[in-house]
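In: Need a 3D model of the following:
(chains A, B, C and D)
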Number of protein chains: 4
Amino acid sequence: MIKVGLIGYGTIGKRVADAVALQKDMKIVGITGHTYDFKIEVAKIKGFKVFTTGDKEEFIKNGIKPEGDLKNLMEDVDVIVDCTPKKIGKENKEKYYLPKKIKAIFEGGEKHEVADASFVAQCNYDEALNKNYVRVVSCNTTGLCRTLNAINKNYGIESVHATMVRRAVDPWDIYHGPVNAIVPVLELPSHHGPDVQTVLHDINIFTTAMSVPTTLMHMHSLIVDLKKDATAEDILDTFKKTTRVRVVRNAEKVRSTAEVMEFAKDIGRSRGDMPEICVWEEGIGVKDKKLFYLQAIHQESDVVLENVDAIRAVTGFKDGQKSIEMTNKALGVNNF
Amino acid sequence: MIKVGLIGYGTIGKRVADAVALQKDMKIVGITGHTYDFKIEVAKIKGFKVFTTGDKEEFIKNGIKPEGDLKNLMEDVDVIVDCTPKKIGKENKEKYYLPKKIKAIFEGGEKHEVADASFVAQCNYDEALNKNYVRVVSCNTTGLCRTLNAINKNYGIESVHATMVRRAVDPWDIYHGPVNAIVPVLELPSHHGPDVQTVLHDINIFTTAMSVPTTLMHMHSLIVDLKKDATAEDILDTFKKTTRVRVVRNAEKVRSTAEVMEFAKDIGRSRGDMPEICVWEEGIGVKDKKLFYLQAIHQESDVVLENVDAIRAVTGFKDGQKSIEMTNKALGVNNF
Amino acid sequence: MIKVGLIGYGTIGKRVADAVALQKDMKIVGITGHTYDFKIEVAKIKGFKVFTTGDKEEFIKNGIKPEGDLKNLMEDVDVIVDCTPKKIGKENKEKYYLPKKIKAIFEGGEKHEVADASFVAQCNYDEALNKNYVRVVSCNTTGLCRTLNAINKNYGIESVHATMVRRAVDPWDIYHGPVNAIVPVLELPSHHGPDVQTVLHDINIFTTAMSVPTTLMHMHSLIVDLKKDATAEDILDTFKKTTRVRVVRNAEKVRSTAEVMEFAKDIGRSRGDMPEICVWEEGIGVKDKKLFYLQAIHQESDVVLENVDAIRAVTGFKDGQKSIEMTNKALGVNNF
Amino acid sequence: MIKVGLIGYGTIGKRVADAVALQKDMKIVGITGHTYDFKIEVAKIKGFKVFTTGDKEEFIKNGIKPEGDLKNLMEDVDVIVDCTPKKIGKENKEKYYLPKKIKAIFEGGEKHEVADASFVAQCNYDEALNKNYVRVVSCNTTGLCRTLNAINKNYGIESVHATMVRRAVDPWDIYHGPVNAIVPVLELPSHHGPDVQTVLHDINIFTTAMSVPTTLMHMHSLIVDLKKDATAEDILDTFKKTTRVRVVRNAEKVRSTAEVMEFAKDIGRSRGDMPEICVWEEGIGVKDKKLFYLQAIHQESDVVLENVDAIRAVTGFKDGQKSIEMTNKALGVNNF
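Out: A predicted model of the protein is given here:
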């Protein structure tokens, strides 16, 4: 059993905790919360040991006695998954993980440099094998890598141009906007392009981005210049065979991100999550070696799968394909 | 085993089907879909027999062979739950259920007159006992009845004034608005007041309503003139003891409808549903026998519980309290 | 000519500057900006002298040379209108206005105590006459005072209960949410009730509030216990005769806050503003001396009128009624 | 004076009426409304003669006596501008304009085939000269044509790929959604590409589209393969010199569609309109003859300018450049 410590019990952290707990070869030693809230109450209900990186007294006052702090949690773990907000992971690495020589997984909010490898399981599992520090890339980068890797392997990619239309905030976040505007990201290219290259090193990709007032999923509009000829049917077939990608169909009235989420709820997914990248069958087009497609990314859950696989990779589990299968099976990925 | 036929597999229908399937004393004989879509695919995955009220050929073309039509489904059921859109239930009653002498449950979109009783389990279970036609009231009316009944029983109600702030559309609905407006309902009183009186016959209630651009839950702001003195603590205590009501706390950072929904997902509720009516602890106030409180209603799921109990009532199960307990237990209601 | 200095050129400040510039008896000596942005460019286009309370060099770098700072602007003004964010007004008073004995108008973000009187022109003009410091109350409080004062004068008010459904953010604000939630204000009563009493001292009022994902207007649902009998027609007639109140009609397809705003644009209002409080004709109901009505408040503009009148009051213009007429005429209020 | 009849007094129609009324060489003979609403009341206030294509009695009942119907309006006009909903224009042409030999301007909801030419003034004014039927293209197509034409003239265009992120509904529309979803347009290419080619006949363009929950403006993300080398500064310079295009700057805190709209209100534009296509200075990038830029389109107003110019073109005014200048001056376009 791989003993996992989970630091940062937020949107990603709480999902990784649940996912790890469902693996036969892993267990959660404990989780840390920073402030007291309903998520901590749920962690207790689920039987996770609660540690804190924040004010211990605040937890006690609310009826939850933490088992200790981050250092205490580190005492008996094989690997830390650090799901803290941007930049805190780097601080934690320097302050705690490096001195204690503890392996750690970081999230996409951290920079590539914090880790020995950036990671998307089906693209570069072997790069992460036995490394000490691995960074799971952001939800958007993960989504781009999963589909582009499949296309690249089968048809070769000359170049990619993607427009990323991002959800404004996660569903629970009532603090940030916009409420009624489209906000262009005025960096050219947006950071997603270079970030893809930390995983798919040779892909020539340029991205632009904007954010819009919705909470549900990101949408990507992609244009790929292929090296080899392919038909829309070929591409569709490739996506159908690609793990952690799901083809959705307008013909079944999955016409929007809202209906993707409804479908995920209907099939009983935990928290209504859809960790597969969803590509619209009717949105795939090819014209003169130029491929167009549209994909939706569930920002809250796609990277949860990579966190589980990254745990196996850093702890020496050699077979990436096998790890992906184990993770998928435990979580019901691509089960229909 | 009570044999249940489910007509109309939409927002409410699909939930009622799942809920019935979880009861030890009931089973779903089949469901009907009107048009082919992803929900029908899910019904098939779940093992429900699919009938259709629509175009059989459209289903076959999409790879699903219906078992028959509404009439075929009626052949071997004890009770029909009719979750079709407004007014269709009445048509179905006259055309199918009455001639065939089949008992039926209707939803809140139908008028009170369609049924022998309007129904909220914890308020008037006995009224529905052995009736042929029972109408589960709307999500908003159900929410009002659950909390007002508890207050009335304990402190007596002189009068109620409620402002209902309604979600614009259900999460999956991409067709209707408003996107950026508040829309007052210009009927005075709104229909919710008289509708409450179909269940709590003696309550003096006046309601106004508006709709706002959100998909998650309705919010009610209530003012109740009490007959007896009570403190905010008394009221809080009453709500804590009331089934299918849940006290939520700002202190746990449940500050909005979004966080109620997040909490429901976190505790593993099917589809992220919250069938309990959620009252904010910090929103309860009393001043000179005037009670103020705020409650959130999950429009997609609260009435699911009443549908299950109504099935028992019409088929002769006498103990309403016991039915409520059975339903709650099967669905995990008020489990924390 | 009353010489006016305008501190804080934001949502309210820029509108007050335009409104003052349109009065025959006033002129804008200058405005202050805190940071450089497009609003400052527009001030320049409009011919306002630009001062700064922020970093002078930042302005110069962007091609705008400030005329000086807040102190310089104070050198030649009769009255300051301070439209800075919450709490800054109080600081400015203590640091600048009191020592220099300069009269000042504050906005509703400041507390009642900062001023000698809180102010809604048609309710208590005389209270502000010749005072040194006057506070224009918030948009919501102004809206409540305008309609409640008219009802109180004509029929007497026993008590008021209002639910305020607030817009999440102003249209330009892309930073704050919620995007998809209803957020209850968990203070009972909300601050709007006591705030009304700073103007209408004897009104017994209790308010609750929530915020919703829209940018356009606030909506109030009001219940008023009247002292004297009145019909809905009586109330409608009263509102029609009340200045700075506008009756809108569903019959003309003004069905929402969005259509109120569209109407304001259509009739050529500056910035599409609607400073009148809008009451729906079809939303007025009376039952046993209990009055119900719904009103929409344009949070960006209603208080602009009061700022202009407050300037006259503090500088000794005695006739409140006349001031209101002058302001209305210059700004086209109630012109149709 | 060119005598103009305006059919269809909606979002575009009411703006065209105002714009025509501001031209020295034109006048509005009358406008038609289909149903009674506040827009008709405003038309009356503005002094337009009101005709109706709908139920005359409904207008009279509401206190407005129509001057007649569409046929009556046609009796004394030189040209009709038909701003009716999609497909009605074509019907009107066949039923009324062709038999009566009346020249007419159609909007982008009609197909190219309805007219003798599709039209964007600064691209192909001469094509419309003295034609009987001219179609002003849609807001999105107009926006694409204005900027692409300028680039093509200066640097040559090999190909264009554009992702159009569309506002869900116009600000006044409370009926349609989505409220919380991104909806991909599953036609490849979207119709905007071929539509651009009805004006810029030789441009090789491919477009994809989606709609998002906002009311304010459309946003386009464009990738243009240039024939000639150019720097970002070159392109910026070209846009600055292009009429009916406006460069907006993040440096001035115009960071979103919301702030573009705020700016338009601040500078006193009628209805807060921004008929210029807005390109972000900081969003322009060039890499190896590949140009990237982001532009925002005010869907309610950009085509108003083309309607005015189209009137001149069909009635024989030969100088397109001069017409554009006249229209711009009357409406304050590019005045800052």
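In: wait, what's in contact with A:Glu306?
Out: Neighbouring residues of A:Glu306 by CB atoms under 8 Å, 6 or more residues apart in numbering or on different chains: A:Phe119, A:Val120, A:Ala121, A:Val136, A:Val137, A:Thr142. (C-beta placed from N, C-alpha, C; glycine too.)
In: What count of nearby residues applies to the residue in the stretch 101-250 of chain A that chain B sits nearest to?
Out: Nearest residue of the stretch 101-250 of chain A to chain B: A:Trp172, at 4.0 Å (CB to the nearest CB). A count of neighbours around A:Trp172, defined by other CB atoms under 10 Å in any protein chain shown, yields 27.
In: what do you get for A:Ala330?
Out: By other CB under 10 Å, neighbour count at A:Ala330 equals 18.
In: Can you check my assumption that it lies in a helix?
Out: Yes: assessed by DSSP: H, G, I helix; E, B strand; the rest coil, A:Ala330 belongs to a helix.
In: follow-up on the earlier one: from the contacts of A:Glu306, which land in helices?
Out: Mapping the contacts of A:Glu306 onto helices (DSSP state H) picks out A:Ala121, A:Thr142.
In: CSV for the contacts of A:Glu306, including distance to D:Lys265 and neighbour count?
Out: Formatted as CSV, the contacts of A:Glu306 follow (distance: CB to CB, whole Å; neighbours: other CB atoms under 10 Å in any protein chain shown):
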residue, distance to D:Lys265, neighbour count
A:Phe119, 48, 30
A:Val120, 45, 30
A:Ala121, 50, 27
A:Val136, 44, 31
A:Val137, 41, 26
A:Thr142, 41, 28
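In: Tell me the secondary structure at the residue of the stretch 101-250 of chain A closest to chain B.
Out: Assignment for A:Trp172 (three-state DSSP): coil.
In: check contacts around it.
Out: Taking CB under 8 Å, 6+ apart, we find A:Trp172 in contact with A:Thr11, B:Ala258, B:Glu259, B:Met261, B:Glu262.
In: Next step: those restricted to helices.
Out: Using DSSP H, A:Thr11, B:Ala258, B:Glu259, B:Met261, B:Glu262 are the members of these that sit in helices.
In: Sort out which of those are buried, if you could.
Out: Buried subset of the ones in helices among the contacts of A:Trp172 (neighbour count, 16 or more other CB atoms under 10 Å in any protein chain shown): A:Thr11, B:Ala258, B:Glu259, B:Met261, B:Glu262.
In: In those, find the pair that's most separated.
Out: The distance between the two most remote of those (CB to CB) is 13.5 Å, for A:Thr11 and B:Met261.
In: picking that back up, among the contacts of A:Glu306, find me the one that's closest to C:Gly68.
Out: For those, the nearest to C:Gly68 is A:Val137 (51.3 Å; CB to CB).
In: Please, where are all the helices along chain A?
Out: Ranges of helices in chain A, per DSSP H, are A:11-21, A:38-46, A:56-61, A:70-74, A:88-92, A:98-100, A:121-128, A:139-155, A:192-197, A:232-241, A:257-266, A:302-314, A:320-331.
In: which one of these is the most hemmed in?
Out: When the helices of chain A are scored by mean count of other CB atoms under 10 Å in any protein chain shown, the highest mean neighbour count falls to helix A:302-314 (a mean of 28).
In: what inclination does that helix have with respect to helix A:320-331?
Out: 130 degrees (axes from the mean of the first three to the mean of the last three CA atoms, to 10 degrees).
In: tell me how far helix A:302-314 is from the chain's mean position?
Out: Computed by CA atoms, centre = their mean, to the nearest Å, the chain-centroid distance of helix A:302-314 equals 9 Å.
In: try stretch A:199-208
Out: With CA atoms, centre = their mean, you get 18 Å for stretch A:199-208.
In: if we look at it, which residues are touching it?
Out: A:118-120, A:123-124, A:137, A:141, A:144-145, A:148-149, A:152, A:157-164, A:184-185, A:188-190, A:192-193, A:196-197, D:221, D:223, D:283, D:287, D:290, D:292, D:294.
In: how long is it end to end?
Out: 19 Å (CA to CA, to the nearest Å).
In: buried residues in it?
Out: Residues of stretch A:199-208 classed as buried: A:Val199, A:Leu200, A:Ile203, A:Ile205, A:Phe206, A:Thr207, A:Thr208 (neighbour count, 16+ other CB under 10 Å).
In: mind putting those residues in a markdown table, distance to C:Val114 and pLDDT included?
Out: As requested, the buried residues of stretch A:199-208 are exported to a markdown table (distance: CB to CB, whole Å; pLDDT from 0 to 100):
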| residue | distance to C:Val114 | pLDDT |
| --- | --- | --- |
| A:Val199 | 57 | 98 |
| A:Leu200 | 60 | 98 |
| A:Ile203 | 60 | 96 |
| A:Ile205 | 56 | 96 |
| A:Phe206 | 54 | 93 |
| A:Thr207 | 50 | 94 |
| A:Thr208 | 47 | 94 |
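In: nearest to D:Val114, of those?
Out: Relative to D:Val114, and with distances defined as CB to CB, the nearest of the buried residues of stretch A:199-208 is A:Thr208, at 35.2 Å.
In: which parts of stretch A:280-287 are buried?
Out: A:Trp280, A:Glu281, A:Glu282, A:Gly283, A:Ile284, A:Gly285, A:Val286.
In: quick one: is it near chain D?
Out: Yes: Stretch A:280-287 is in contact with chain D by CB under 8 Å from any CB of the partner chain, via A:Trp280, A:Glu282, A:Gly283, A:Ile284, A:Gly285, A:Lys287.
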